[in-house]
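[1] From the sequence below, what's the structure:
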Amino acid sequence: MDVAHGVVLDGRYRIEDVVGQGGMATVYRAHDEVLGRDVAVKLFPPTPDSDEVLRHQAEIRVLSQMNHPGLVALHDAGSAYAGGPLQQTYIVMELVPGPTLADLLATGPLAARHTARIGRQLAEAIATVHAADVVHRDIKPANILLVERASAIREDPDAALTTGPIVKLADFGIARFADGARLTMTGTTLGTATYLSPEQATGAGAGPATDVYALGLVLLECLTGRKAFTGTVAEVAAARLTTDPPIPADVDPGWAALLRGMTAREPSARLTMVEAARQLGALGGGTGEPGTEQAVLLAPAGPAGAPVVDPNRTGAMPAPTGAPLTGAMPTGAMQTGAMPTGA
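    Numbers count the residues shown, from 1 in each chain. Have a look, this model is predicted:
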């Protein structure tokens, strides 16, 4: 039995169900007794390791600098007893309804226009992260949360116009400050192997171009329904040092140029995230300038009855529906490929 269930952290956050779990943290649905709202609480295990404590504090510092509708919002953070003998660090964030992009891709690839709209929102959000001198370093479908309206599941994709972002980026647990300050243990390379950049695969420094490469792989997967690199951790890490992601011949030339620009093996040859956002806006039918695209509903190019998600960019958040997913997936949850440098 989970000892944290029912515990009230700092007299305010009542711990309820587990919504995500990994080797480095557990994420709970919780209720804020002061404001009367449900939140996500990321609870780290107690540790005597000072490096781990510093890493927890660094994640809080990263989140505190972020402010964008496409990023999961930080509400609070602290340290408290959670049913055990030692205090534990916790982070309180917004609770985001809807599935992950990984869940949606399990139903099949997305239409190019819908991929462009998702990609543009992500690129604009990540550009904000980069402007704060932070690199996410773990862009992947499982860390991308889809905001879903209760009625969207049964609606015709062209039926209604609504407002609100369709995606939110989560999990800054292995982020890195662009000034070189590490949030991870010395001598390790963290990130999901499938989406590692060439520089991450070699243990070299990660910069904003690292996130551009990973987002390029995510967009390619959205279009094709297949991961660009598969195999063992060592195989997928080694492959990108000598191989460019395969772009099918039937991909639109504009998309092919964008994807090549995002996944160039040399970081300096890649597009910036701002440039990627502008091109994605144009591919999605907008002008490429922020806030100019028209609202539609997102429907995956998969089986009938697959989830439909609201892709609009601004305005009120949609009403929650279904089982919520936390805005902060626990570091290491649904994640593979964290490996020692040189593995």
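[2] Confirm for me that residue 86 is in contact with residue 44.
    No - look at residue 86 against residue 44 with C-beta atoms under 8 Å: they stay out of range, at 11.0 Å. C-beta here means a position set from N, CA and C on the backbone, and glycine is covered the same way.
[3] Compare neighbour counts for these two and give me the winner.
    Regarding residue 86 and residue 44, a neighbour count based on other C-beta atoms under 10 Å identifies residue 44 as having more, with 22 against 11.
[4] Beta-bridge partners for the residue lying closest to the more buried one once chain neighbours are set aside, please?
    Excluding the flanking residues, the one nearest residue 44 by C-beta to C-beta, 6 or more residues apart in numbering is residue 89, at 4.6 Å. With DSSP bridges as the criterion, the beta-bridge partners of residue 89 are residue 79.
[5] and residue 283, how many neighbours does it have?
    Based on other C-beta under 10 Å, the number of other residues close to residue 283 is 21.
[6] show me what contacts it?
    112-113, 116, 252, 254-255, 258 (C-beta atoms under 8 Å, 6 or more residues apart in numbering).
[7] Residue 10 too?
    By C-beta under 8 Å, 6+ apart, the neighbours of residue 10 are 78, 80.
[8] same deal with residue 224?
    Remark: with contacts taken as C-beta under 8 Å, 6+ apart, residue 224 is in contact with 109, 248.
[9] And the helices in the stretch 101-250 of the chain?
    101-105, 112-131, 198-201, 208-224, 233-242 (DSSP state H, counting those that start in this stretch).
[10] Would you map the strands across the stretch 201-343 of the chain?
    Taking DSSP state E, counting those that start in this stretch as the test, the strands found in the stretch 201-343 of the chain are 324-326, 339-340.
[11] For residue 246, which non-adjacent residue is spatially closest?
    residue 228 (6.6 Å).
[12] where in the chain is pLDDT low?
    Along the chain, the model assigns pLDDT under 70 to residues 1-3, 22-23, 49-50, 148-165, 173-191, 286-343.
[13] Can you pull up the most central residue in it?
    Centroid-nearest residue in the chain: residue 143, 3.0 Å away (criterion: C-alpha atoms, centre = their mean).
[14] In a markdown table: the helices of the stretch 101-250 of the chain, plus distance to residue 51.
    Shown next, in a markdown table, are the helices of the stretch 101-250 of the chain (distance: least, C-beta to C-beta, whole Å):
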| stretch | distance to residue 51 |
| --- | --- |
| helix 101-105 | 30 |
| helix 112-131 | 23 |
| helix 198-201 | 20 |
| helix 208-224 | 22 |
| helix 233-242 | 23 |
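[15] And those: which comes nearest residue 71?
    With respect to residue 71, and counting by C-beta to C-beta, the nearest of the helices of the stretch 101-250 of the chain is helix 112-131 at 5.3 Å.
[16] Report the buried residues of that closest one.
    112, 114-130 (16 or more other C-beta atoms under 10 Å).
[17] Checking the residue of the chain most remote from its centre next. Helix, strand or coil?
    Taking C-alpha atoms, centre = their mean, the residue of the chain most remote from its mean C-alpha position is residue 85, at 32.9 Å. At residue 85 the chain is in coil, as set by DSSP: H, G, I helix; E, B strand; the rest coil.
[18] what sits against the nearest residue to it once chain neighbours are set aside?
    Computed as C-beta to C-beta, 6+ apart, the closest residue to residue 85 that is not its neighbour in sequence is residue 46, at 7.8 Å. Under the criterion of C-beta under 8 Å, 6+ apart, the contact list for residue 46 reads 84-88.
[19] Looking at these, which is nearest residue 21?
    Here the nearest of those to residue 21, counting by C-beta to C-beta, is residue 88; it sits at 14.4 Å.
[20] Surely the closest one touches residue 78?
    No - at 9.7 Å, residue 88 and residue 78 do not qualify as touching, with contact defined as C-beta under 8 Å.
[21] Looking at the two, which one has more neighbours?
    Here residue 88 and residue 78 are compared on neighbour count by other C-beta under 10 Å; more neighbours surround residue 88, at 21 against 15.
[22] who's in contact with that one?
    Residues counted as contacts of residue 88 (C-beta under 8 Å, 6+ apart) are 43-46, 79-82.
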